[in-house]
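> sequence? don't have it. structure:
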């Protein structure tokens with residue numbers, strides 16, 4: 001792999017702020033970000049990428065190419081939790097296998113945002129509809145996890161289980177705040193088009209990288225505080241958290257190559273497939289599979305897979321795709 005790709009990604013200011021946050025915790029600095037602000041950063045980023053994606057989609061329209069890319073995204077979000085579950089089940093109990101599989105089947109919006117920032121840095125174009133791909137990949141893994149819970153937990157316990165509240169679970173899967181805001185911003189971007197985007201660009205375009213730096217600084221603080229919990233998970237799970245993103249990225253790359261998806265879009269499909277959720281899925285698993293241990297699936301996605309993806313994963317996936325696409 002070209003070392004310049006790694007260097008370009010690592011020297012991206014928002015990425016460096018992530019590691020600055022981790023360093024602050026390791027050196028026992030008293031650096032903190034007041035609690036209401038991280039929530040504001042999240043809302044800002046979701047609105048910004050939704051609006052911009054909607055604007056790009058309004059300019060490009062909807063065609064067979066976009067349909068194929070969206071179907072690959074949905075297919076990966078259903079396929080990943082299925083094979084992840086059966087791999088995990090060889091070493092773990094069914095509850096934690098479900099929760100971790102669902103975590104790796106869903107996606108990380110911040111990883112996606114870091115990926116599009118990387119593409120902008122190296123001058124590679126991507127379709128605005130990829131924001132819709134991200135929104136579509138949030139929820140299917142939660143539903144797959146709940147289906148597994150209904151099938152395998154009942155079979156394991158061998159007794160009548162408590163009735164599942166499917167309405168509440170599906171509401172959480174499809175109307176969780178992140179998905180709702182992202183899809184809403186995307187629709188507003190489509191409806192208002194070029195005129196709407198240009199009126200909002202000073203806030204949601206020009207300031208985007210600065211707000212991402214604030215958000216990643218906070219993520220670095222949070223991730224470093226959870227690193228000690230990795231002692232509990234063992235070698236198998238840490239290896240899973242490092243290898244599975246690469247496997248998922250390669251599978252997505254194969255589908256993208258088969259359907260002749262453009263290079264920038266293929267990279268984002270691979271990156272989304274390689275990422276793991278640390279917001280939507282943990283919230284859903286706490287509700288629907290309370291027996292699963294959050295001390296396993298949360299630090300795996302936040303303290304192992306997320307730092308791996310934004311430091312080495314992004315240039316690695318791009319290198320593979322650039323080698324194939326040319």
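Structure received. Given the structure is predicted, the values throughout are model-derived calculations rather than measurements. Residues are numbered from 1 along each chain as shown.
> What about residue 191, how many residues nearby?
Using other C-beta atoms under 10 Å, residue 191 has 10 other residues around it. Yep, even glycine has a C-beta here, placed from its N, CA and C like the rest.
> measure it to residue 88 for me?
42 Å (C-beta to C-beta, to the nearest Å).
> and if you look at residue 313?
20 Å.
> ditto for residue 29
Counting by C-beta to C-beta, the gap from residue 29 to residue 88 is 36 Å.
> How about residue 319?
In terms of C-beta to C-beta, residue 319 sits 28 Å off from residue 88.
> so who does the residue nearest the centre of the chain touch?
Residue closest to the mean C-alpha point of the chain, counted by C-alpha atoms, centre = their mean, is residue 108 at 1.6 Å. The contact partners of residue 108, by C-beta atoms under 8 Å, 6 or more residues apart in numbering, come to 275, 276, 277, 278, 301, 306, 309.
> and with 10 Å instead?
By C-beta atoms under 10 Å, 6 or more residues apart in numbering, the contact list for residue 108 reads 114-115, 134, 138, 219, 271-272, 274-281, 301-302, 305-306, 309-310.
> which ones among the residues you listed are found in helices?
In this view, the contacts of residue 108 that belong to helices under DSSP state H are 114, 115, 134, 219, 271, 272, 274, 280, 281, 306.
> and the strand or helix carrying residue 213, how far out from the chain's middle?
Under the criterion of DSSP states H and E, residue 213 resides in helix 208-226. Relative to the centre of its chain, helix 208-226 is centred 15 Å away, using C-alpha atoms, centre = their mean, to the nearest Å.
> From the contact counts, what lies against it?
helix 13-26, helix 36-60, helix 109-122, helix 177-204, helix 294-299, helix 306-308 (3 or more C-beta pairs under 10 Å, 6 or more residues apart in numbering; DSSP states H and E).
> quick one: low-confidence ranges for the stretch 1-150 of the chain?
1-10 (pLDDT under 70).
> how near is residue 126 to residue 104?
23 Å.
> Compare neighbour counts for the two and give me the winner.
Taking other C-beta under 10 Å, residue 126 and residue 104 do not tie; residue 104 has more neighbours (31 against 20).
> quick revisit: could you save the helices and strands packed on helix 208-226 as a markdown table and add columns showing distance to residue 250?
Conversion of the helices and strands packed on helix 208-226 to a markdown table gives the following (distance: least, C-beta to C-beta, whole Å):
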| stretch | distance to residue 250 |
| --- | --- |
| helix 13-26 | 23 |
| helix 36-60 | 25 |
| helix 109-122 | 16 |
| helix 177-204 | 27 |
| helix 294-299 | 23 |
| helix 306-308 | 15 |
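> quick one: which of these is nearest residue 228?
helix 294-299 (8.6 Å; C-beta to C-beta).
> List the residues that contact the nearest residue to residue 51 once chain neighbours are set aside.
Distances taken as C-beta to C-beta, 6 or more residues apart in numbering put residue 189 closest to residue 51, at 4.3 Å, once the chain neighbours are dropped. By C-beta under 10 Å, 6+ apart, the contact set of residue 189 is 47, 49-58, 128, 131, 196-197, 200, 204.
> Same drill for residue 29 and residue 88, tell me which one is more crowded.
Between residue 29 and residue 88, counted using other C-beta under 10 Å, the more crowded position is residue 88 (23 against 12).
> coming back round to it: against residue 115, how distant is the residue nearest to residue 51?
In terms of C-beta to C-beta, residue 189 sits 19 Å off from residue 115.
> What separation do you get for residue 302 and residue 277?
10 Å.
> thinking residue 148 is in contact with residue 78, fair?
No. At 12.0 Å, residue 148 and residue 78 do not qualify as touching, with contact defined as C-beta atoms under 10 Å.
> More neighbours: which of these two?
Counted by other C-beta under 10 Å, residue 148 and residue 78 do not tie: residue 148 has more neighbours, with 22 against 14.
> what's the helix or strand for that one?
With DSSP H and E as criterion, residue 148 is part of helix 140-148.
> packing partners for that helix?
helix 64-88, helix 94-105, helix 166-175, helix 280-288.
> and that helix, which residues are buried?
140, 141, 142, 143, 144, 145, 146, 148 (16 or more other C-beta atoms under 10 Å).
> Could you dump these into a markdown table and include distance to residue 242?
Output for the buried residues of helix 140-148, formatted as a markdown table (distance: C-beta to C-beta, whole Å):
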| residue | distance to residue 242 |
| --- | --- |
| 140 | 24 |
| 141 | 19 |
| 142 | 24 |
| 143 | 26 |
| 144 | 23 |
| 145 | 22 |
| 146 | 27 |
| 148 | 23 |
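> my guess is residue 92 meets residue 300, correct?
No. Taking C-beta under 10 Å as the definition, residue 92 is not a contact partner of residue 300, at 11.7 Å.
> Can you pick out the residue with more neighbours from the two?
Comparing residue 92 with residue 300 by neighbour count (other C-beta under 10 Å), the higher total belongs to residue 300, at 26 against 22.
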